[in-house]
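**Q** return atomic coordinates for the entry below.
(one chain, ligands or ions: 2)
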Amino acid sequence: MSYNRRQLLRFLALAASPAVLRPQKPVHGLLVRCARPENLEMPLDGFTSWITPNDKFFVRSHHYTPRVTLTDYRLQVAGFVRQNLSLRLEDLRGLPRHELIGVLECAGNGRAHYRPGIPGIQWAYGAAGNARWAGVRLADVLRKAGLKDDATEVLFDGADVPVGTMPEFRRSIPLAKALEEHTLLAYEMNGEPLPESHGFPLRVIVPGWAGDSWVKWVTRIEVLDREYDGFFMKSAYRHPGRPVVPGSSVDSAMMRPVTALRVKSVIASPLDGSRIGAGPVRILGAAWAGESPLTTVELSTDGGRSWHAAALGAERAPFAWRLWEFS
Ligand SMILES: Nc1nc2c(c(=O)[nH]1)N[C@H]1C(S)=C(S)[C@@H](COP(=O)(O)O)O[C@H]1N2
Ligand SMILES: [Mo]
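**A** Ligands and ions are numbered 1, 2, ... in the order given. Sure thing, here's the model as predicted:
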């Protein structure tokens, strides 16, 4: 049997595709930035809703979504603790429950707007969402294990397995942030068990901080005596600490891990480039400021010469976004 060149290329292409493809669930109303691993962006109209519904919430996954079953699930707690723990989700559900509403935003949100362009998923606006998270305080779990004196950082590892030669997605946060009353291990998102794409059955909630610290599918917590030095702490998710000219090179000694989110406001409507009739126009959007409370949103319709306060939505919470509107 002989093959012509085209048949051979086709055969090679088939042979190169992974043997088992999990059926892809349909994606409604999200922008597919990368199908596998799943990276989905919320369209701009999402910024007109105070709570982002689970099926409209952006997804940012470095690796394929792991399938975790509750029967097998254990959360291991180890490192600089007095007693290692192995907890089932039921054990966690037995601890006091806490809820908060907060913005989850990817540190790479807005990357598509850089000039010159930079590599990475080309998020435009919607790598952000605002949800109600429920679970237990990370501090309660750490206290159950008992911290040793040398403890300074808390490292999280999820059940996702790297694609090819990519490093494991592991991140650490300083102990002070880990012990804050608002830092949670969440098992619910908007009143439902965490969806698979968002970290079922447990994820870290670090209110006011960029999404890279919000580790999904968390299976292991390790208390460390120093900042973790794996790829996603040491090489990725770092910033220069002060504004620099886009595209310029920065001394790596200056680079620090991404922590709190910056202030941001997004116009959801009207869309850029859309045609609008004469007469009053409603301008709508959402704004947030990481760990800081948001007090005012101002708009300019004359290129920045004058500014006007927008009306702020009634719904508010310390780490949530605030809707605003201006006519
Ligand atoms: N285990 C694991 N956790 C993870 C990630 C990941 O790839 N693996 N991505 C992180 C990043 S960079 C972001 S922005 C958020 C995205 O959370 P979401 O997919 O629920 O929106 O999850 C974080 N947690
Ligand atoms: Mo992210």
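
**Q** what about residue 49, distance to ligand 2?
**A** 21 Å (CB to the ion, to the nearest Å). All C-beta spots, glycine's among them, are computed from the backbone N, C-alpha and C.

**Q** just checking, residue 187 touches residue 202?
**A** Yes. Taking CB atoms under 8 Å as the contact criterion, residue 187 and residue 202 are neighbours in contact, 5.5 Å apart.

**Q** tally of neighbours for the residue in the chain positioned nearest to ligand 2?
**A** Closest contact between the chain and ligand 2, by CB to the ion, is at residue 106 (3.2 Å). Number of residues near residue 106 (other CB atoms under 10 Å) recorded here: 24.

**Q** would you confirm that it contacts residue 61?
**A** No. The pair residue 106 / residue 61 is not scored as a contact, 10.8 Å apart, by CB under 8 Å.

**Q** so for residue 187 and residue 202, which sits in the more crowded spot?
**A** Taking residue 187 and residue 202 together and counting by other CB under 10 Å, residue 202 has the greater number of neighbours (25 against 20).

**Q** need the pLDDT of that one.
**A** pLDDT for residue 202: 98.

**Q** and if you look at residue 20?
**A** pLDDT for residue 20: 43.

**Q** repeat for residue 72
**A** 96.

**Q** what sits in contact with each of residue 106 and residue 61?
**A** Counting by CB atoms under 8 Å, 6 or more residues apart in numbering, no residue touches both residue 106 and residue 61.

**Q** just the C-alphas of the helix or strand harbouring residue 99, formatted as CSV.
**A** Counting by DSSP states H and E, the element that carries residue 99 is strand 98-105. What follows is strand 98-105, C-alpha atoms only, in CSV (Å, rounded to 0.1, in the frame of the first residue of the first chain):
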residue,chain,number,x,y,z
HIS,A,98,-18.5,32.0,55.3
GLU,A,99,-19.7,33.9,52.2
LEU,A,100,-18.5,36.9,50.3
ILE,A,101,-19.2,38.6,47.0
GLY,A,102,-16.0,39.4,45.1
VAL,A,103,-14.4,40.1,41.8
LEU,A,104,-12.1,37.5,40.3
GLU,A,105,-10.0,39.0,37.6
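
**Q** could you tell me the angle between the next helix or strand after that strand and strand 98-105?
**A** Elements were assigned by DSSP H and E; along the chain past strand 98-105, the next helix or strand is strand 128-137. The directions of strand 128-137 and strand 98-105 differ by 150 degrees, with axes from the mean of the first three to the mean of the last three CA atoms, to 10 degrees as the criterion.

**Q** quick check: the gap between the residue nearest the centre of the chain and ligand 1.
**A** Most central in the chain under CA atoms, centre = their mean is residue 211, positioned 2.9 Å from the mean C-alpha point. To ligand 1, residue 211 is 3 Å away according to CB to the nearest ligand atom, to the nearest Å.

**Q** before we move on, the earlier item: so how far is the strand holding residue 99 from its chain's centroid?
**A** Taking the mean C-alpha point of strand 98-105 and that of its whole chain, the gap between them comes to 11 Å (CA atoms, centre = their mean, to the nearest Å).
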